[in-house]
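# structure for the following, please:
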Amino acid sequence: MYISESIKYIGVNDTKIDLFESQYPVPDGMTYNSYVILDEKIAVMDTVEADFVEQWHENMGVVLNGRTPDYLVIQHMEPDHSANIRYFMSSYPEAKIVASEKAFTMIKNFFGTDYADRRIVVADGDTLSLGQHTLTFYTAPMVHWPEVIVTYDSFDKVLFSADGFGCFGYPNNIREWIPRGRRYYMGIVAKYGPQVQSLLKKLSGLDIQKICSLHGAVIDKSLDTCLKLYNTWSSYEPEEEGVVIAYTSIYGNTKKAVDLLVEKLRVQGENNIVVYDLSRCDISLAVTDAFRYSTLILATPTYNGDVFPFMKSFIEHLTERNFQKRKVAFIENGSWAPTAAKVMASMLEKSKNLTYADTTVTIMSALKKENILQIEDLAKEMGLSPQL
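Now for the predicted structure:
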């Protein structure tokens with residue numbers, strides 16, 4: 001991974017991991033990125049996950065070529081980036097750690113010491129000169145942990161962005177980065193949209209030519225596209241006009257309603273439709289598309305006076321990420337006391353700027369003529385959204 005003549009990649013690629021953070025399937029693996037800036041002084045940017053310490057140290061040794069690092073910059077304290085702090089500090093006893101005040105508190109929590117005699121605490125706008133390279137630090141609290149900083153190198157015009165602009169796997173181009181970066185953002189960062197907006201404002205005046213995240217590839221092309229997407233995602237605006245239908249169905253009757261709705265939506269000219277069976281899909285993909293598109297339709301049976309468990313979990317995934325600014329509709333099913341629409345609406349009460357469809361489809365066990373008419377009405381209502 002080429003960065004520049006003086007900035008070298010020393011990260012690792014985890015191809016054996018199945019679930020990132022024990023919840024996100026990553027069939028293409030996960031990178032833990034670390035970098036070395038070679039100058040009169042040498043700075044190492046973050047470490048890697050604990051299992052890869054030997055490979056990381058070997059990569060670093062090749063790049064250092066006998067030299068000794070002066071600084072370890074810790075931008076983010078999640079263990080997949082900070083696990084080898086103690087190893088580094090033992091290996092290079094003259095080196096100092098550069099991090100935020102909150103990061104040093106976490107360092108002590110993790111390692112039993114905050115390296116009080118070897119630490120440099122940085123805050124917004126602080127700088128560190130390596131020679132030709134001057135690093136400027138910007139605090140990024142809750143993007144997506146409270147101690148986070150990002151670092152701008154004015155010489156090579158590189159932004160070291162911590163977990164920001166990260167993605168799953170290792171994409172080769174912007175077309176691959178967008179879906180992987182979107183899913184990563186919606187799963188891990190989406191709750192903190194206001195904080196991302198604040199960081200984007202801090203960075204808006206910088207001449208950024210490359211972005212080096214802690215996960216995924218270096219972004220050196222289509223930077224404007226990535227920045228615009230981050231602005232859209234963090235402001236919770238729909239990225240595209242389209243309909244997501246997320247459903248659960250126990251005996252197939254709710255699924256029949258969903259299938260009919262898809263047909264009717266297509267008659268209305270709506271072709272951008274994504275359907276998820278929440279009992280069987282990767283829920284992170286369903287969450288991602290719920291944020292991606294402008295309209296969400298939730299369909300589920302009543303279950304124990306509530307909603308089916310997978311639907312309940314899905315809505316909780318949305319609300320904990322500040323789901324908002326969408327058009328929403330409900331299809332409920334119940335053999336004797338349908339309450340699912342009411343429950344789903346109550347779960348979304350704290351979500352901002354949701355526009356609810358006038359039509360709610362209520363099925364009593366199986367589809368009937370009146371349900372078909374309701375579904376036709378709902379399709380007409382959902383198909384009238386203007387193009388974004």
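# give me phi/psi at the nearest residue to Ala95 once chain neighbours are set aside?
On the basis of Cβ to Cβ, 6 or more residues apart in numbering, the spatially nearest residue to Ala95 that is not a chain neighbour turns out to be Pro69, at 5.3 Å. All C-beta spots, glycine's among them, are computed from the backbone N, C-alpha and C. Here the main-chain torsion angles of Pro69 (degrees, to the nearest 10) amount to phi -70, psi 150.
# next up, the contacts around Pro69.
Applying Cβ atoms under 8 Å, 6 or more residues apart in numbering to Pro69 gives the contacts 36, 42-44, 60, 88, 92, 95.
# inside strands: which ones of those?
36, 43-44 (DSSP state E).
# give the ChimeraX command for selecting the buried subset of those.
A single ChimeraX command selects the buried members of these (16 or more other Cβ atoms under 10 Å):
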select :36,43,44
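# relative to Ile219, which of the ones in strands among the contacts of Pro69 is nearest.
Proximity of the ones in strands among the contacts of Pro69 to Ile219, judged by Cβ to Cβ, is greatest for Val36, which lies at 19.0 Å.
# list the contacts of that closest one.
Taking Cβ under 8 Å, 6+ apart, we find Val36 in contact with 7-8, 10, 42-45, 60, 63-64, 69.
# distance of it relative to Arg118?
When distances are taken as Cβ to Cβ, to the nearest Å, Val36 and Arg118 turn out to be 19 Å apart.
# list buried residues within the contacts of Val36.
Buried members of those, scored by 16+ other Cβ under 10 Å, are 7-8, 10, 42-45, 60, 63-64, 69.
# out of these, which one sits closest to Ile245?
For these, the minimum distance to Ile245 (Cβ to Cβ) is 43.0 Å, reached by Met45.
# quick check: closest non-adjacent residue to that closest one.
The shortest distance from Met45 to any residue other than its chain neighbours is 4.2 Å, reached at Tyr35 (Cβ to Cβ, 6+ apart).
# would you agree the one you found is in contact with Ile211?
No: with contact taken as Cβ atoms under 8 Å, Tyr35 and Ile211 are classed as non-touching, separated by 11.8 Å.
# where does this protein have low pLDDT?
Counting by pLDDT under 70, the low-confidence segments of the chain come to 384-388.
# centre-most residue in it?
Among the residues of the chain, Tyr185 comes closest to the average C-alpha position under Cα atoms, centre = their mean, at 1.6 Å.
# just to revisit the earlier point, can you lay out the buried ones among the contacts of Val36 as CSV showing distance to Gly181?
Putting the buried ones among the contacts of Val36 into CSV (distance: Cβ to Cβ, whole Å) gives the following:
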residue, distance to Gly181
Ile7, 21
Lys8, 23
Ile10, 22
Ile42, 30
Ala43, 26
Val44, 25
Met45, 20
Met60, 27
Val63, 27
Leu64, 31
Pro69, 30
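# for those, which one is nearest Thr362?
Met45 (56.0 Å).
# the closest one: what's it in contact with?
Counted by Cβ under 8 Å, 6+ apart, Met45 has contacts 34-37, 73, 75, 151, 160, 212.
# how close does Asp220 get to Ile174?
Using Cβ to Cβ, Asp220 is found at 10 Å from Ile174.
# spell out the secondary structure type for Asn322.
With DSSP: H, G, I helix; E, B strand; the rest coil as the basis, Asn322 sits in coil.
# burial check on it, number of neighbours?
17 (other Cβ atoms under 10 Å).
# what of the one 3 residues further on?
Residue crowding around Lys325 was assessed by other Cβ under 10 Å; the count is 16.
# was I right to think it contacts Asn353?
Yes: contact criterion Cβ under 8 Å: Lys325 and Asn353 qualify, at 4.7 Å.
# how close does Ile37 get to Tyr152?
In this structure, Ile37 and Tyr152 are 12 Å apart, going by Cβ to Cβ.
# what of Glu78?
From Glu78 to Tyr152 the distance is 21 Å (Cβ to Cβ).
# once you drop chain neighbours, what's closest to Gly125?
Thr136 (6.7 Å).
# quick check, that neighbour in a strand?
Yes: note on Thr136: a strand contains this position according to three-state DSSP.
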